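In: Here is a sequence with its predicted model. Questions after.
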There are 2 protein chains.
Amino acid sequence: MSEKRHHKITIAEVAKRAGVSTATAGRALGGYGYSRQEIKDKVRKAADELGYRPNLLARGLITGKTKTIGVVAGDIQSPFYASILRGVADVTRAAGFGILLTNSDERLDREIEAVQLLREKQVDGLIVAPSDLSGSPHLHEALRDGCPVVLIDRRVRNLAADTVSVDNRAASRECIDHLIELGHRRIGLVAELEHWDSDGVPAFLHAVESGSLDSTTLFPSWQRLYGYVEALSDAGLAVDPDLIGRVGIYSAEGARRETLRLLELQDRPTALFTADGLMSAAAMDAIASLDLHIPGDLSLVCFDDLDWMSFIRPGITAIAQPLIEMGEAAARLMLSRIEGDETEPQLLALKPRFAARGSVAAPGSA
Amino acid sequence: MSEKRHHKITIAEVAKRAGVSTATAGRALGGYGYSRQEIKDKVRKAADELGYRPNLLARGLITGKTKTIGVVAGDIQSPFYASILRGVADVTRAAGFGILLTNSDERLDREIEAVQLLREKQVDGLIVAPSDLSGSPHLHEALRDGCPVVLIDRRVRNLAADTVSVDNRAASRECIDHLIELGHRRIGLVAELEHWDSDGVPAFLHAVESGSLDSTTLFPSWQRLYGYVEALSDAGLAVDPDLIGRVGIYSAEGARRETLRLLELQDRPTALFTADGLMSAAAMDAIASLDLHIPGDLSLVCFDDLDWMSFIRPGITAIAQPLIEMGEAAARLMLSRIEGDETEPQLLALKPRFAARGSVAAPGSA
DNA sequence: TTGTATGCGTTATCAT
DNA sequence: ATGATAACGCATACAA
């Protein structure tokens, strides 16, 4: 009641009230070193009476550990990152860690700036959805300085960091295989397909053909295109570049436009594969605006399972990444590194779940 | 290149290399106090060569400011909190602040634990979606200790904290008015309606009637019920308790069940009002499972505008809270408090946007 | 088991 | 304008 306003209680005041030294008080409260039960009780009582709260800055300064991990997400507003973050937060909270969150908007400059700030705040580790898959000196530097890095969703070439993702190529393949089995021959794809150092889709197709590509250090949308191409090729079907909708800049409007282009082709595809949540939503919009009926006029399979896909009619067949589990896994890897685990970097590919619903039928079954 | 691994450069080493004292080096780098341009350049050069990065823990320890704000969200996975957080993050980042994020799952114990951790980490302020609207001593205490608190979505009675929300009661009223104007007389409501100190809905209706209720310190779902009741009463319509679907525990399954109960009533409502995003999704699911047609068999208006509401057919009429703006406003209020603004606490009610789409029609227009 | 003294990396105070 | 030195609040080596 009568405490002076704004005055923060330090361990020294607790010590004085308990009649011991600050060192003893610290040991009694901090749970390190030795101290008698009797003393412990006395100190704890004094601390309670004073309303003592440790200053974690001071502790961190001396221990070199902040029990805080930094997270660089693309955009926390997207269900993708929100779910991953939920998983991260659950695991870290249970371990007494806090999380410092930043958005990069998938931009390298933002990511660099964020990593810098987080490191200055002395986070114990960094969980990052990297924007640059080939260079990223800021991440190499973090690792070199002993700051563990765990990557999510995609891998950085030559960076010895744990990575948590799914096998996008295989998952995408599974979707396309499913459509092919049902008899589809013209399958459209709508994907972001930004960030590729060569000359776009034709060059990419060439690289796939020549087998010279390490698909694990591609951005997910390219990995998914890879699976698409592979599925078609293995089925002896030609890849029609016209059916590949490359949205480029990541936007709903772009995705809508690209979907419309595909659906207004003379020889319209009988099925559509959308490579992520934003693409799916935009594609739905485009499909509705053309008054096409699913699955009668068009079959649809989506990468990423969004809540509405299960309750609209017909339900939308989708492949679901285990997002929360990915976040949890990333956090667990991080905690283990922080505890000193020096083993080889892990490349964790969690298994996506295929949710068959009503948006897929044999072609021409209207 | 030849730096020792794992060694962190301190200001003392920069000072030595630049041939000045640590105090001078600090002033040159930290932008406080006085120093000649010539010295500034020399020090900055030394810092760059050494790769110096300030340790923000040490700075925070002495300045008493961490440039970090703590956020206690209900569940970051929900689009509601994710969007608000996006707004918060944008504004704080621009001001050079970091955000420490926690989830409370709308549980008081979690919130208290979170606030404690955040305060021990010495955050400069707390943005909280409070779980307890009448007591919350932990928030009073923060305020007393000079740690600014900004509330989002709901207000704590007698807590002198800035609050950012929408006028849920008026917004809800607007939705119900719209339905009444179209001729609906039996309008169902599906809402969480947990957390109420009295004996549930009947007691609440009684309190509303007697006008003894301060609707601004109710949980949003109760405020929305308030608007519902008000709209009906003002139109001279009786409130049928049977049409009030109280889900209780916040779950999709509960909401689905309660929706089914309403829709299987002998005298089925002609319109449904869902009081938040989760309720809306669950209601859609229930409606689909009964093969009811919107808006022919049933009109639907939803509180909270989710992405799918605009692209499914028919589109779902909804009232949209300006979530990002709410987050931005909360962050701006916080920054202003941190800068020392001591004026009266603000109660900011942003204006929701009514999105009329295709899920509403006159009753019996099937 | 406890106390003393020192250090963590900064900024703040006060001479000069 | 600059430098020596004392904080900040805690943990840790070492002595007792």
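Out: Here it is on my side, so go on.

In: OK, contacts around residue A:74?
Out: By Cβ atoms under 8 Å, 6 or more residues apart in numbering or on different chains, the residues touching residue A:74 are A:80, A:81, A:103, A:104, A:105, A:106, A:129. Quick note: C-beta positions are derived from backbone N, CA and C, even for glycine.

In: Which helix or which strand is home to the second one?
Out: Under the criterion of DSSP states H and E, residue A:81 resides in helix A:79-94.

In: So which bits of that helix are buried?
Out: Going by neighbour count (16 or more other Cβ atoms under 10 Å in any protein chain shown), the buried part of helix A:79-94 is A:79-89, A:91-93.

In: Which neighbours in the sheet does the helix or strand immediately after it in the chain have, and how are they oriented?
Out: Next helix or strand after helix A:79-94 toward the C-terminus (DSSP H and E): strand A:98-103. Sheet partners assigned to strand A:98-103 using DSSP bridges are listed as strand A:68-73 (parallel), strand B:98-103 (antiparallel).

In: For the closest residue to residue A:193 other than its chain neighbours, the count of nearby residues, please.
Out: Excluding its sequence neighbours, the residue lying closest to residue A:193 (Cβ to Cβ, 6 or more residues apart in numbering or on different chains) is residue A:246, at 4.2 Å. Using other Cβ atoms under 10 Å in any protein chain shown, residue A:246 is surrounded by 19 other residues.

In: contacting residues around residue A:111?
Out: Counting by Cβ under 8 Å, 6+ apart, the residues that residue A:111 touches are A:72, A:104, A:128, A:130, A:131, A:132, A:138.

In: quick one: which helix or strand includes the fifth one?
Out: Same thing as residue A:131. Under the criterion of DSSP H and E, residue A:131 resides outside all helices and strands.

In: show me the residues around it that make contact.
Out: A:104, A:106, A:107, A:108, A:110, A:111.

In: try the first one
Out: With contacts taken as Cβ under 8 Å, 6+ apart, residue A:72 has the following neighbours: A:102, A:103, A:104, A:111, A:114, A:115, A:118, A:126, A:127, A:128, A:129.

In: what's the pLDDT at the nearest residue to it once chain neighbours are set aside?
Out: Setting aside the residues directly before and after it, residue A:72 is nearest to residue A:128 in space (Cβ to Cβ, 6+ apart), at 4.4 Å. We note a pLDDT of 99 for residue A:128 in this prediction.

In: ditto for residue A:198
Out: Each residue has a pLDDT score; the one for residue A:198 is 63.

In: gap between the residue in the stretch 101-250 of chain A positioned nearest to DNA strand D and residue A:56?
Out: Of all residues in the stretch 101-250 of chain A, the one sitting closest to DNA strand D is residue A:122 (12.8 Å; Cβ to the nearest atom of the strand). The spacing between residue A:122 and residue A:56, counted by Cβ to Cβ, to the nearest Å, is 11 Å.

In: Pull up the overlap in contacts between these two.
Out: Residues touching both residue A:122 and residue A:56 comprise residue A:66, with contact defined as Cβ under 8 Å, 6+ apart.

In: what sits up against stretch A:335-352?
Out: Applying Cβ under 8 Å, 6+ apart, the external contacts of stretch A:335-352 come out as A:65, A:69, A:91-92, A:95, A:97, A:124-125, A:148, A:150, A:155, A:160-167, A:171, A:216, A:319-322, A:325-326, A:329, A:333.

In: Could you list which of those residues belong to helices?
Out: With helices identified by DSSP state H, the entries of the contacts of stretch A:335-352 that belong to them are A:91, A:92, A:171, A:325, A:326, A:329, A:333.
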